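Undergrad: Sequence first, then the predicted structure, then my questions.
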There are 2 protein chains.
Amino acid sequence: MGKRIFNFNAGPAALPLPVLEEIQEELLDFKGSGMSIMEVSHRSKWFDDVINEAVERTKRLLNLGDRYHVLFIQGGASLQFCMIPMNLAIQGHPLDYINTGTWSTKAIKEAKIQGKDVRVIASSEDKNFSYIPKDYKVDGDAAYLHFTSNNTIKGTQWAEFPKSGNVPLISDMSSDFMSRPFDVSPFGLIYAGAQKNIGPSGTALVIVRKDMLERVPKELPTMLKYTTFSEDNSMFNTPSCFAIYTINLVLKWLEDKIGGLEEMERINKEKASTLYDFIDHSSFYKGTAEKDSRSLMNVTFRLPNEDLEKKFIADALKTDLGGLKGHRSVGGCRSSIYNATGMDAIRALVAFMAEFEKKAG
Amino acid sequence: MGKRIFNFNAGPAALPLPVLEEIQEELLDFKGSGMSIMEVSHRSKWFDDVINEAVERTKRLLNLGDRYHVLFIQGGASLQFCMIPMNLAIQGHPLDYINTGTWSTKAIKEAKIQGKDVRVIASSEDKNFSYIPKDYKVDGDAAYLHFTSNNTIKGTQWAEFPKSGNVPLISDMSSDFMSRPFDVSPFGLIYAGAQKNIGPSGTALVIVRKDMLERVPKELPTMLKYTTFSEDNSMFNTPSCFAIYTINLVLKWLEDKIGGLEEMERINKEKASTLYDFIDHSSFYKGTAEKDSRSLMNVTFRLPNEDLEKKFIADALKTDLGGLKGHRSVGGCRSSIYNATGMDAIRALVAFMAEFEKKAG
């Protein structure tokens, strides 16, 4: 099967090995169809079963009940940045955003391009987005309150979501979706690019509360309306079939092999605390996010200088630990430890970090 | 490897077996990276090589030279229906469309939704879209002239493209892209959903002439601007990596195994004429498209009645000939014979059709 490394990529990221093996096994003949999953019609029973299973698993894992649609929309979270204000703004009401980094900033920018009344009610830009804001006021007048649940680049995460009263929450959960259970009821819409926790790139998964769809303006282009996707089970046109197929297998793994979101969260906490504990006990490595805002998904840290960071990243790859480079916009190091990255990877990383510190220190 | 059937699906459709085998072989370890192609970063050298190769192969196969960008944009041809008028309209100039069926009709609808000055300068709706219009006038004032090169549902195809003088041609080539060589110079933009001739679903391939980009309005949402994709090699955000990877392998197969577009066209003509000749010599099967407008990609035909059609489709599948049902909007039978469907499949189909006629006749 070739070699496999420990993969700490920020996204596209590691997928569970049993999922990859299942894809490989049935790549030429999907369920006795005599065709690859890439070759079956999206209007066939074969693909219908796949997309329906993916929707049902999402509903089960997050306890969505019947109040939400689960949609698959191409274009990643970036297309959602523009679809959200386009579909869900209400004339005469502001759109509230909390700015916790690059992705929030982009979401805000797209709402402003459309000339919407955007209010940034809180921001952690004053300290280089190293924390999650605590002091902000939600006044109840907004059409929605948008926040980014986990900040891949800066390594911060909302431990508890903002309280917004009657204002529907909207969240970009691209980088921590399905990493922990949460109460969906305050949310009007949740979206996630698949390529971090639930699959390969090529689709976003969008969860939208049914009442929100009453806001969708009639005159929008067809492919930019949420109702186009909700009315046709995401198949107004051909969806990103292979991505949806893989997502379904990842969710199956999450349900059957891991045992659901409570257990996934327990594992994720154990992984993150092992890594943060090691960093906190070292004077060589230094975490960049404030402690109470730390992400369980993306552990960002620095070494004493950039030369050492370069060497650290290069040496790690030689030992089959990949993807430890920080985002190109901030530098430093980052270990992304999504669902599919197990405790074995964390142990290998910590051992390498200890060894590297000893040699360099 | 399980069984493989002869696959006549209209899209998603058959892929070349050697391509599927290569994907399967390296699914767990892409080029010694120790990661699946789904797990490597889109910012890595590994993926850079993939997307650059796919772009270069497209440029070589179609002789694009340096005047065109090759882009990968999610959302299928359907998103292009709205992006084209949004990006390429010119104030005070009409947008000309030729209507040859369902997909043209949808493209026209999306331009009208945006309130553009749309002119349908020719249509074959009068005869149920069974032919390609010959009489129409291009007056030189339009911002572009849009047509659908092949009509998957009705089985018609432009043998020679419209002459438009100085007006840039725009074509939806989803269902015959890379099936034959053609002169790109009259084209301002060409687009194709990948899932028919060049790969799995999950991305459209868009070819845009560089001068057309001067038309793109500044205030559009970022993800709906062609310039966002042209300025960043289709990687402003994470693209549909697995689809692009597969497209690159299909184009490699087209260059190395088939030998390029001239040879591909020769094979496609041989396939189509074998099937049409058989139909024309039968009084049992009846082609639905006018002879001089027939598609080399989608061969549409009827049997004496619907009960026989149902039995034909079901019996064919039992003999491992799949995907012969006509589009749900028109009924009847359809054999889609894209690049990856070889002469062996045509021979098997013709043999089955002869046998079925004998039993039923």
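TA: That came in fine, so what should we check first? Residues are numbered from 1 along each chain as shown, chains lettered A, B, ... in the order given.
Undergrad: how about the helices in the stretch 51-200 of chain A?
TA: Secondary structure of the stretch 51-200 of chain A, counting by DSSP state H, counting those that start in this stretch: helices at A:76-88, A:102-113.
Undergrad: quick one, which of these is nearest to chain B?
TA: With distances scored as C-beta to the nearest C-beta, the stretch of the helices of the stretch 51-200 of chain A nearest to chain B is helix A:76-88 (3.7 Å). Every residue, glycine included, has its C-beta placed from N, CA and C.
Undergrad: one step back: quick one: closest of the helices of the stretch 51-200 of chain A to A:E262.
TA: Among the helices of the stretch 51-200 of chain A, helix A:76-88 comes nearest to A:E262, with 25.7 Å by C-beta to C-beta.
Undergrad: now the closest one against helix A:102-113, angle please.
TA: Using axes from the mean of the first three to the mean of the last three C-alpha atoms, to 10 degrees, one finds that helix A:76-88 and helix A:102-113 are set 40 degrees apart in direction.
Undergrad: Tell me which residues touch A:G140, please.
TA: Contact analysis of A:G140 by C-beta atoms under 8 Å, 6 or more residues apart in numbering or on different chains lists A:165-167.
Undergrad: hang on, A:P18 is in a helix, isn't it?
TA: Yes. Counting by DSSP: H, G, I helix; E, B strand; the rest coil, A:P18 is part of a helix.
Undergrad: All the strands of the stretch 51-200 of chain A, in order from the start?
TA: With DSSP state E, counting those that start in this stretch as the definition, the stretch 51-200 of chain A shows strands at residue ranges A:68-73, A:95-99, A:118-123, A:144-148, A:150-151, A:156-157, A:169-172, A:187-193.
Undergrad: can you tell me which of those strands comes nearest to A:N237?
TA: Nearest to A:N237, of all the strands of the stretch 51-200 of chain A, is strand A:68-73, at 11.0 Å by C-beta to C-beta.
Undergrad: The stretch 251-361 of chain A against chain B: which residues are in contact?
TA: Residues of the stretch 251-361 of chain A lying close to chain B (C-beta under 8 Å from any C-beta of the partner chain) are A:320, A:322-323, A:328.
Undergrad: Show me the domain layout of chain A.
TA: With automatic domain parsing as the criterion, the domains of chain A are listed as A:18-258, A:261-360.
Undergrad: could you redo those domains as a markdown table and give each row distance to B:E231 and mean pLDDT?
TA: Written out in a markdown table, the entries for the domains of chain A read as follows (distance: least, C-beta to C-beta, whole Å; pLDDT from 0 to 100):
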| stretch | distance to B:E231 | mean pLDDT |
| --- | --- | --- |
| domain A:18-258 | 14 | 97 |
| domain A:261-360 | 16 | 97 |
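Undergrad: ranking those by burial, who's on top?
TA: Between the domains of chain A, the one whose residues have the most neighbours on average, counting mean count of other C-beta atoms under 10 Å in any protein chain shown, is domain A:18-258 (a mean of 20).
Undergrad: Kindly check the end-to-end length of it for me.
TA: Separation of the first and last residues of domain A:18-258 by C-alpha to C-alpha, to the nearest Å is 12 Å.
Undergrad: could I get the strands of the stretch 51-200 of chain A as TSV with distance to A:K106?
TA: Supplementary listing: the strands of the stretch 51-200 of chain A in TSV, determined by distance: least, C-beta to C-beta, whole Å:
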stretch	distance to A:K106
strand A:68-73	17
strand A:95-99	10
strand A:118-123	13
strand A:144-148	10
strand A:150-151	12
strand A:156-157	16
strand A:169-172	9
strand A:187-193	12
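Undergrad: Would you reformat the ones you listed as a markdown table and include distance to chain B?
TA: As requested, these are exported to a markdown table (distance: least, C-beta to the nearest C-beta, whole Å):
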| stretch | distance to chain B |
| --- | --- |
| strand A:68-73 | 8 |
| strand A:95-99 | 15 |
| strand A:118-123 | 14 |
| strand A:144-148 | 15 |
| strand A:150-151 | 16 |
| strand A:156-157 | 20 |
| strand A:169-172 | 12 |
| strand A:187-193 | 7 |
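Undergrad: With B:M353 as the reference, name the closest of these.
TA: Nearest of the strands of the stretch 51-200 of chain A to B:M353, taken as C-beta to C-beta: strand A:68-73 at 37.4 Å.
Undergrad: picking that back up, include distance to chain B when you put the helices of the stretch 51-200 of chain A into CSV, please.
TA: CSV is the format used below for the helices of the stretch 51-200 of chain A (distance: least, C-beta to the nearest C-beta, whole Å):
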stretch, distance to chain B
helix A:76-88, 4
helix A:102-113, 6
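Undergrad: Strands - which of the residues of the stretch 251-361 of chain A next to chain B land there?
TA: Cross-referencing those with the strands (criterion: DSSP state E) gives A:G322 as the overlap.
Undergrad: Check the residues of the stretch 251-361 of chain A next to chain B and tell me the two furthest apart.
TA: Within those, A:D320 and A:R328 form the most distant pair, 22.9 Å apart (C-beta to C-beta).
Undergrad: out of the helices of the stretch 51-200 of chain A, which comes closest to A:D307?
TA: Proximity to A:D307 (C-beta to C-beta) singles out helix A:102-113 among these, at 25.7 Å.
Undergrad: Report the angle between the closest one and strand A:144-148.
TA: Here the directions of helix A:102-113 and strand A:144-148 differ by 150 degrees (the same axes, to 10 degrees).
Undergrad: Can you list the neighbours in contact with helix A:102-113?
TA: Residues from elsewhere that reach helix A:102-113, judged by C-beta under 8 Å, 6+ apart: A:77-78, A:81-82, A:84-85, A:89, A:95, A:97-99, A:118, A:120, A:129, A:146-148, A:151-154, A:172, A:174, A:327, A:329, B:219-223.
Undergrad: residues touching A:C82, list them.
TA: Listed by C-beta under 8 Å, 6+ apart, the contact partners of A:C82 are A:110, A:113-114, A:224, B:221-224.
Undergrad: Just put the residues you listed in a markdown table and tack on distance to A:S283.
TA: Shown next, in a markdown table, are those (distance: C-beta to C-beta, whole Å):
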| residue | distance to A:S283 |
| --- | --- |
| A:E110 | 42 |
| A:I113 | 46 |
| A:Q114 | 48 |
| A:L224 | 52 |
| B:P221 | 47 |
| B:T222 | 43 |
| B:M223 | 44 |
| B:L224 | 49 |
